[in-house]
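Peer 1: Fold the following for me, if possible:
(one chain, ligands or ions: 1)
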Amino acid sequence: MAAQGIVDTALSGLLPGRLRRGLGLWRPQHDMADQFGKVFIVTGGSSGVGFQVVKHLAAAQATVILATHNMPGALKALSDIQRDFPHITERNVIPMYLDLTSFKSITQFVEAFLAQGLPLHGLVNNAGEAMGPPGPGADGALPNHTLVTNFFGPFYLTHLLLTFMSECAPARVVNVCSALGEYMGTVDWGDLTGERLSKSDPLGAYNASKRMTSMATRELAARSRGSGVDVFATHPGFAATNLWHKSQRSYPAARLFNVVEEWFAQHPFYGAIPILYALTEPSLTGRTGRYFGGPLMCPIIMNARCGSYWMGESRDLAACVRLYDAIVAIVARVVGGGADPRATAVTASATAAQ
Ligand SMILES: NC(=O)c1ccc[n+]([C@@H]2O[C@H](COP(=O)([O-])OP(=O)(O)OC[C@H]3O[C@@H](n4cnc5c(N)ncnc54)[C@H](OP(=O)(O)O)[C@@H]3O)[C@@H](O)[C@H]2O)c1
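Peer 2: So this is what the prediction gives:
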């Protein structure tokens, strides 16, 4: 795997920059602009694709908040980054606790972040799980662990930060979706919180969470047009990470993905490329609502010019509006109703984005 990265860096570096980018071979080590003075939050940055995103942003001199529910993992990630870049310290990569399955933890994370007095130029909603434990998230507010981790938690986090990000504009929200979700994900309109799915179909819950992320990304991009916050969807391709290994082994689909991954998955570095591109490429400013990722059969090439992978219900704009409004109402209800300032923040930023 490491050899794959070294060979790729050497070979892609042989090509002239314009030709490399024209061929879809955008590479952070060659093509990413200097990020000095920029501040980004990357959720789930201690492993897999998120780790690569954090590492390359830090290498480009950004300040990165590594937001995770696994603080030992975050500290290990930092020391792994320091092996390659010894000058990077906890002032450049700042580990902060965030459990996306707890609305209280999300609120506390945002308060702690804002108290630091840093600006915010980008939020990467990367953290996720494939087939997580049955039952609700940590605070018991919503019934489906996977839907809360992958969709409801990041949705709430985004809306708590949206107004502040528009004050720091230009800024970007990059949501990590999935080709699996685009091909197979469906919305159960009678069960948006996934109560039935948590008992019956864990892979269905993952696919639904990614479908809903994709639809909400599209709608948020439309609503926040002109606010200075650009919103992008990405898919990282099939990457060799912990995602499937951490899935509950009792699920046959998890065992199957673990075997297939050993043979066919790419290095997580390639999964990070569309995310880094969507987050930092200067020419994308104002071009909100695009979807970046590699073609399924050749994910090391990024299909940056096509820029649209929306499929299924994500192409139905009326369905995206309907879903977005329904999720705002659910989140506002679970964080305390209209009188609660956190609920007001969600509905206010959703309304302001319209
Ligand atoms: N790998 C693929 O083939 C693939 C394909 C399509 C999309 N994706 C998406 O890519 C993203 C990154 O996944 P990955 O493949 O890099 O897997 P990964 O290595 O397992 O990364 C997921 C990260 O999210 C963190 N996380 C999980 N639950 C969390 C929570 N409740 N609060 C805060 N952080 C939490 C994990 O921390 P712990 O490990 O400590 O739990 C981990 O660091 C996910 O959204 C995934 O759905 C991956």
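
Peer 1: Can you tell me how far the nearest residue to residue 139 once chain neighbours are set aside is from residue 287?
Peer 2: Distances taken as Cβ to Cβ, 6 or more residues apart in numbering place residue 102 nearest to residue 139, at 4.3 Å, with adjacent residues excluded. For glycine as for every other residue, the C-beta is placed from the backbone atoms N, C-alpha and C. Applying Cβ to Cβ, to the nearest Å, the value for residue 102 to residue 287 is 34 Å.

Peer 1: Next to the ligand, which bits of the stretch 101-250 of the chain? Give me the list.
Peer 2: 101, 126-129, 149, 176, 178, 235-236, 238-239, 241-243, 246 (Cβ under 6 Å from any ligand atom).

Peer 1: do that again at 5 Å, thanks
Peer 2: 101, 126, 127, 128, 149, 176, 178, 238, 239, 241, 242, 243 (Cβ under 5 Å from any ligand atom).

Peer 1: on that earlier part again, in contact with the residue nearest to residue 139, which residues?
Peer 2: Shown in contact with residue 102 (Cβ atoms under 8 Å, 6 or more residues apart in numbering): 137, 138, 139, 153.

Peer 1: where does the residue nearest to residue 92 when sequence neighbours are not counted fall, helix, sheet strand or coil?
Peer 2: With Cβ to Cβ, 6+ apart as the measure, residue 58 is the residue that lies nearest to residue 92, at 5.2 Å, once sequence neighbours are left out. Per DSSP: H, G, I helix; E, B strand; the rest coil, the secondary structure class of residue 58 is helix.

Peer 1: Could you tell me which ranges of the stretch 251-354 of the chain sit under the pLDDT cut-off?
Peer 2: Counting by pLDDT under 70, the ranges of the stretch 251-354 of the chain that qualify are 297-308, 337-354.

Peer 1: I'd guessed the residue nearest to residue 92 sits against residue 87; true?
Peer 2: No. If you go by Cβ atoms under 8 Å, residue 58 and residue 87 don't touch, sitting 9.6 Å apart.

Peer 1: Which strands and helices lie in contact with whichever helix in the chain runs longest?
Peer 2: In the chain, with assignment by DSSP state H, the single longest helix is helix 202-223. Judged by 3 or more Cβ pairs under 8 Å, 6 or more residues apart in numbering; DSSP states H and E, helix 202-223 is in contact with helix 145-147, helix 153-167, strand 171-176, helix 179-184, helix 195-200, strand 229-235, helix 252-264, helix 317-334.

Peer 1: Of the ones you listed, give the one that comes closest to residue 53.
Peer 2: strand 171-176 (8.9 Å; Cβ to Cβ).

Peer 1: quick one: the closest one to chain centroid distance?
Peer 2: 7 Å (Cα atoms, centre = their mean, to the nearest Å).
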